[in-house]
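> Next input, structure requested:
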Amino acid sequence: MKLPADSHVHSEWSWDTGGPTSVAAGRMRATCVQAIRIGLPALTFTEHLDFPGTWRSRSEDLMSHQRGFLSSAGGVEHPLFDADGYFEAIDRLRPEFPELDIRTGVEFGQPHLFADDAAALTDLAALDLVLGSLHTLDMGSGLRAEPVTLYAEHPASDVMWAYLEEVPRMVDGSDSFAVFTHIDYAARTWPSWEVGPFEPRVFEEGFRGAMRSIAASGRALEMNTGRLWSWIPQWWAEEGGRAVTFGSDAHTPDAVARNFPEATAMLEHYGFRAGANSWDLWTR
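Next up is the predicted model:
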């Protein structure tokens with residue numbers, strides 16, 4: 001079976017891996033080696049495009065190598081995306097791996113809030129793909145935070161509903177991105193040890209409303225394969241979704257294209273089919 005492109009991959013050029021001078025150095029090349037090994041025809045390095053000081057966290061909500069970015073006031077002061085270094089790395093790798101289509105991209109966090117900041121940093125139009133991600137919310141503190149932090153401060157259901165209600169605002173407020181990523185992001189850190197397992201049907205109308213807004217905008221929804229949920233492609237198709245991408249959200253080479261055979265079978269079941277090129281959207 002021919003795999004689709006992995007359209008959501010991170011390397012040392014993403015701030016949350018530790019950066020190009022850390023233990024993550026060389027991860028981009030190692031990821032290409034792994035892609036060739038498993039028969040992946042194409043991938044897109046979608047490095048994080050986030051802006052420091054715009055969100056807060058707790059030490060326990062960050063990985064050990066990220067905790068040095070936490071200020072005494074609780075803000076996360078991570079490095080900016082090094083666009084020049086990233087493009088130079090891509091240019092070095094393409095001749096080395098001619099059998100692999102290596103494409104450029106970013107995962108733009110909260111694009112409805114930071115369009116001017118992004119434009120000052122890099123030319124988004126020069127990229128092959130811009131993903132749009134909703135990672136943080138402002139639930140009244142004045143500084144945004146990720147769901148994992150907000151769950152410690154608010155009832156879990158309130159955080160989930162706030163996340164789903166923000167999705168249409170992000171869609172309506174930005175034309176910078178082509179694909180909405182990991183719509184289940186807030187479910188990843190759901191506090192099941194306190195409130196029981198995450199039950200998507202409790203929030204079904206919120207998910208469906210978010211999907212309707214994405215579909216109406218003509219954008220694609222990412223099938224994030226870190227966790228496979230059959231209700232996501234089902235509801236996406238039922239709410240008018242016409243296109244999907246596949247994204248592992250890999251931050252290490254071994255995670256590239258994880259669960260892709262199962263994900264492609266699931267999407268085929270709901271009527272989605274591959275395009276002419278390996279990196280094309282799957283459509284129905």
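> Tell me which stretches of the stretch 51-200 of the chain form helices.
Taking DSSP state H, counting those that start in this stretch as the test, the helices found in the stretch 51-200 of the chain are 83-96, 115-121, 147-150, 156-172, 185-188, 192-195.
> The last one packs against which elements?
Where contact means 3 or more Cβ pairs under 8 Å, 6 or more residues apart in numbering; DSSP states H and E, helix 192-195 is packed against helix 156-172. Any C-beta I mention is one placed from the backbone N, CA and C, and that applies to glycine too.
> Could you pull up the contacting residues of the residue nearest the centre of the chain?
The residue lying closest to the centre of the chain (Cα atoms, centre = their mean) is T181, at 4.6 Å. By Cβ atoms under 8 Å, 6 or more residues apart in numbering, the contact list for T181 reads H8, E107, L131, G132, S133, E222, N224, G247, D249.
> got the contact list for S278?
Listed by Cβ under 8 Å, 6+ apart, the contact set of S278 reads K2, L3, P4, A5, P41, A42, D101.
> Restrict the helix or strand harbouring R208 to CA atoms and write it as CSV.
Using DSSP states H and E, the element containing R208 is helix 204-216. Taking C-alpha atoms only, helix 204-216 is exported to CSV below (Å, rounded to 0.1, in the frame of the first residue of the first chain):
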residue,chain,number,x,y,z
GLU,A,204,-20.6,16.4,19.7
GLU,A,205,-22.4,19.6,18.8
GLY,A,206,-19.3,21.6,19.6
PHE,A,207,-17.1,19.5,17.4
ARG,A,208,-19.7,19.4,14.6
GLY,A,209,-20.0,23.2,14.8
ALA,A,210,-16.3,23.7,14.7
MET,A,211,-16.1,21.3,11.7
ARG,A,212,-18.9,23.1,9.9
SER,A,213,-16.9,26.4,10.2
ILE,A,214,-13.8,24.8,8.8
ALA,A,215,-15.7,23.1,5.9
ALA,A,216,-17.6,26.3,5.0
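> so how far is P98 from M28?
M28 is 16 Å from P98, where distance means Cβ to Cβ, to the nearest Å.
> neighbour count winner among these two?
It is M28, of M28 and P98, that has more neighbours when counted by other Cβ atoms under 10 Å, with 25 against 8.
> And the helix or strand harbouring that one, what's buried?
Here M28, judged by DSSP H and E, is contained in helix 27-38. Using 16 or more other Cβ atoms under 10 Å as the test for burial, helix 27-38 gives R27, M28, R29, A30, T31, C32, Q34, A35.
> what's it packed up against?
Judged by 3+ Cβ pairs under 8 Å, 6+ apart, helix 27-38 is in contact with strand 42-49, helix 83-96.
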